[in-house]
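Q: I'd like to go over a predicted model; first the sequence, then the structure.
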Amino acid sequence: MFYETKKNNHGLKYNPFKSCIVPRPIAWITTTNDDGSYNCAPYSFFNGIAADPPMVMYATNGKQPMGNHKDSISNIRRNGEFVVNVVPFDAKDKMNETTAPLQPNESEIEVAKLEIMESKIVTPARLKISPIHMECKVYKIIDLPTLKSNEYNGMVLGSVIGIHINDEVIDDGKVNLDKIKPLARLGYLDYSVVDNIFEMHRPEGSPRPDQVIKGKDK
């Protein structure tokens, strides 16, 4: 089949676009509200975009509660900081609770009964249930096109200035993803989990992506 996205003429019961880009890692983002409390929301349009220096991106899009931008990006615009909390499989239900549309004076962290920890450099808190936290400063916010007046599309580029990794998930100098089982988003209401990991060695002489010295591949 083929369809033009402007016409959305795929003829299917549901739009297939999000099922064509899978699996997507989930950034469980914490930010600081005006009153000093913390906001928490998951985003699956998320990924790492550079390693040296480390940078990430996440995008927020769609209808906004009460006609306003989502709390996360409003907070980020104001103070330029956020924390990316990695979602392990064990936290899937808690993560799902934080997707609920709450009033501005309600806290996702309180509703989901999430325990928080102080960050080292930035103001937003970290979620204790997450085994990996990335403290981030905004590099740039890019406003993206929208089709409806009550929607907002935007991409946040962040510099990762600090990373916390739970010692319990580090084995032999590596992050053991078998212990974390990161949650991933598929299309529709579907999710997946990383629980089948295998190695593939590159052809001899090819640079390894995790070995960089002075800006050059080792």
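A: Okay, I see it.

Q: isn't Val83 right up against Pro124?
A: Yes. In this structure Val83 lies within contact range of Pro124 using CB atoms under 8 Å: 4.7 Å. Bear in mind the C-beta positions are built from the backbone N, C-alpha and C, glycine included.

Q: shared neighbours, these two?
A: Contact criterion CB atoms under 8 Å, 6 or more residues apart in numbering; residues shared by Val83 and Pro124: 30-31.

Q: pLDDT at the nearest residue in space to Ser107 that is not next to it in sequence, what is it?
A: Setting aside the residues directly before and after it, Ser107 is nearest to Ser37 in space (CB to CB, 6 or more residues apart in numbering), at 5.8 Å. Note on Ser37: pLDDT of 90.

Q: roughly how far does Ser37 sit from Pro124?
A: 11 Å (CB to CB, to the nearest Å).

Q: more crowded one of these two?
A: Ranked by neighbour count (other CB atoms under 10 Å), Ser37 and Pro124 place Pro124 first, with 26 against 13.

Q: burial measure for Pro54, as a count.
A: The number of residues packed around Pro54, counting by other CB under 10 Å, is 16.

Q: what about the helices in this protein?
A: Ranges of helices in the chain, per DSSP state H, are 71-79, 92-97, 108-111, 177-180.

Q: buried ones in the longest one?
A: Of all the residues in helix 71-79, those buried under the rule 16 or more other CB atoms under 10 Å are 71-76, 79.

Q: make JSON lines from those and add pLDDT and distance to Tyr139 to it.
A: Output for the buried residues of helix 71-79, formatted as JSON lines (pLDDT from 0 to 100; distance: CB to CB, whole Å):
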{"residue": "Asp71", "pLDDT": "84", "distance to Tyr139": "20"}
{"residue": "Ser72", "pLDDT": "91", "distance to Tyr139": "16"}
{"residue": "Ile73", "pLDDT": "93", "distance to Tyr139": "14"}
{"residue": "Ser74", "pLDDT": "91", "distance to Tyr139": "18"}
{"residue": "Asn75", "pLDDT": "93", "distance to Tyr139": "16"}
{"residue": "Ile76", "pLDDT": "96", "distance to Tyr139": "11"}
{"residue": "Asn79", "pLDDT": "96", "distance to Tyr139": "14"}
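
Q: which of those residues lies closest to Asp190?
A: Distance to Asp190, by CB to CB, is smallest for Ser72 among those, at 23.1 Å.

Q: quick check: the gap between the residue positioned nearest the centre of the chain and Gly158.
A: For the chain, Ala27 is the residue whose C-alpha lies nearest the centre (CA atoms, centre = their mean; 1.7 Å). From Ala27 over to Gly158 the distance is 10 Å, taken as CB to CB.

Q: now swap in Lys137 and tell me
A: Distance, Lys137 to Gly158, by CB to CB: 6 Å.
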